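Peer 1: Fold the following for me, if possible:
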Amino acid sequence: MPSTAVVTTEQRAQIKEIVCDILELEADEVTDTSRFKEDHNADSLGAIEILSSLERTFSIEIDQAELIRMVNLDGVVAVVQESLSK
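Peer 2: Modelled structure (predicted):
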């Protein structure tokens, strides 16, 4: 059974910072459940940029199929946590 990595508070803050930088949003505009596309008018290119930046920052690989789960901050954190556990 693979080990389960836990995203630390610092890592979660890093993830939020990446999302906010790429989507050009202020941190207080993004909640754990606000949807990037519907609530913040993000496009698919932004999602790809977020994925790429997360891979570089955390030295992980994320399958592009995971983009469908990365619709809000909670979803992104879950995908990163699973990737860190591999």
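Peer 1: shaky segments in this structure?
Peer 2: By pLDDT under 70, the weakly predicted segments of the chain are 1-3.
Peer 1: Next, name the residue at the spatial heart of it.
Peer 2: Nearest to the mean C-alpha position of the chain, counting by Cα atoms, centre = their mean, stands Val76 at 3.1 Å.
Peer 1: Spatially, and excluding backbone neighbours, which residue is closest to that one.
Peer 2: Spatial nearest neighbour of Val76, chain neighbours left out: Met70 (4.8 Å); criterion: Cβ to Cβ, 6 or more residues apart in numbering. Using the backbone N, CA and C atoms, a C-beta is placed for each residue, glycine as well.
Peer 1: correct me, but the one you found touches Ala47?
Peer 2: Yes - counting by Cβ atoms under 8 Å, Met70 does reach Ala47; the two are 6.2 Å apart.
Peer 1: intersection of neighbour lists for these two?
Peer 2: Phe36 (Cβ atoms under 8 Å, 6 or more residues apart in numbering).
Peer 1: Pretty sure Glu55 sits against Glu61.
Peer 2: Yes - the pair Glu55 / Glu61 is scored as a contact, 6.2 Å apart, by Cβ under 8 Å.
Peer 1: Between the two, point out the one with more neighbours.
Peer 2: Comparing Glu55 with Glu61 by other Cβ atoms under 10 Å, the one with more neighbours is Glu55, at 14 against 9.
Peer 1: So which residues make contact with the helix or strand harbouring Val76?
Peer 2: Assigned by DSSP states H and E, Val76 belongs to helix 73-85. Identification of contacts with helix 73-85 by Cβ under 8 Å, 6+ apart yields 2-7, 11-12, 15-16, 19, 30-34, 50, 54, 58, 60-62, 66, 69-70.
Peer 1: So which bits of that helix are buried?
Peer 2: Buried residues in helix 73-85, defined by neighbour count with 16 or more other Cβ atoms under 10 Å: Leu73, Gly75, Val76, Val77, Val79, Val80, Gln81, Glu82, Ser83, Leu84.
Peer 1: Next one: the fourth one from Glu66, what distance?
Peer 2: Distance from Val77 to Glu66, counting by Cβ to Cβ, to the nearest Å: 12 Å.
Peer 1: got it, and the fifth one?
Peer 2: According to Cβ to Cβ, Val79 stands 5 Å off from Glu66.
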